[in-house]
Structures are given as structure tokens and as C-alpha cells.
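**Q** Here is the input, now give the coordinates:
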Amino acid sequence: MKRLFFLVAALAGCSFSNPAAVLKDNVRTVKIETFANKTVLYGLEDKLYQKINDKLLEDGRLIPANENPDSRLIGEITKYELIPLSFDAKSVVEQYKLWMEVNIQFTDINTGNVITEENDIPADIRFYPPGSTQSGAIIETEQSAQDRAVDELASEIVYQILRYK
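**A** Next up, the predicted model:
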């Protein structure tokens, strides 16, 4: 009886996999659409587009293409927050958290099937701004932290769309 229970439990666990989510061998190219930017920071969408493009070219399993692509990646940057985490005795910010979130949808153009759709993919970057007196802290500008956040998001997006390849 126990064996039957474990067999049923194991098979039930497999039922959550989505066969349409497997990236087929005929999906070799992707059109990366410029992400919608729902934040007040202009240019994040261009940075993210370029980073995703570069990471896909570096990986080589899915090639960015504008003409006759097999798949399409669309997305939106939904959140950009700069949150003070700590202050010095004069109430000057010593450390920030930069928080970004994106939504993506990756679709097989030939079948119309959504291969993967992920919402609220986060990037959480902590940094010490210029003027911080934190002992041993590596000083970083918001721009530099922003670049790291975009790089982290691009890596996660590429992972999400290639995880079945």
C-alpha cells in the first residue's frame, strides 16, 4: 500500500510539468521586443534589451533575430525603487537598496504557445553611495548599482527562457 501511495504521489508531482514549456529544437531564434518601462527612469528598457541580447549571443543556444524569428520575448519593467537602508548620525544615507522587478512572456511564434511567462522577477542590489562613511564599504553610484541590477535581471531572464533548452 505504501508503494502505491509513493507511486501515485510521484506521478502527481509530474503532472505539474507543462509539456508546452519545453523549448523545442525548432526554436532557434528570438525577437526581443523593447520592454515597456512603467517606471519614471528613462532608458532602463534600452539597457535591459542590450544586456539580454548580449547574454543570448554569448550563450549561443537562442540567437536574437529581427527577421523571421521562431520566438518572441516581450516584457515590462514594473518597479524601480531606491530605498534607504541605513543612516549616519547626521541622517545622511549610508546604504541603499535598489529594487527592480520585470514581467516577461516568451512565446513560440509558429504555434502561438506561451513557452514561459514570469511575473515580478526581482533584482535586489545593496550599495554604499558616495559620501558614505561606513568602514570598509565599497562606494558605488546609483548608476553603477543600476547597471548591476540590469545585468542581474538579464541573467535571470535568459535563464528563464533557456531553462528547457
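
**Q** Quick check: beta-bridge partners of the closest residue to residue 130 other than its chain neighbours?
**A** Using Cβ to Cβ, 6 or more residues apart in numbering and skipping residues adjacent in sequence, the residue nearest residue 130 is residue 139, 5.5 Å away. No exception for glycine: its C-beta is placed from N, CA and C like everyone else's. Here residue 139 sits in beta bridges with residue 128, as judged by DSSP bridges.

**Q** before we move on, what SS does residue 85 have?
**A** Secondary structure, DSSP: H, G, I helix; E, B strand; the rest coil: residue 85 is strand.

**Q** Thought residue 98 was touching it, still the case?
**A** No - using Cβ atoms under 8 Å, residue 85 is not in contact with residue 98, being 10.4 Å away.

**Q** Now for those two: what residues contact both?
**A** Both residue 85 and residue 98 are contacted by residue 126, under the criterion Cβ atoms under 8 Å, 6 or more residues apart in numbering.

**Q** quick one, which of the two is more surrounded?
**A** residue 98 (20 against 12; other Cβ atoms under 10 Å).

**Q** what's that one sitting at in phi/psi?
**A** Backbone torsions of residue 98, given as degrees, to the nearest 10, read phi -100, psi 120.

**Q** same question, residue 81
**A** phi -130, psi 140.

**Q** just residue 116 next, same as before
**A** The phi/psi pair for residue 116 (degrees, to the nearest 10) reads phi -150, psi 150.
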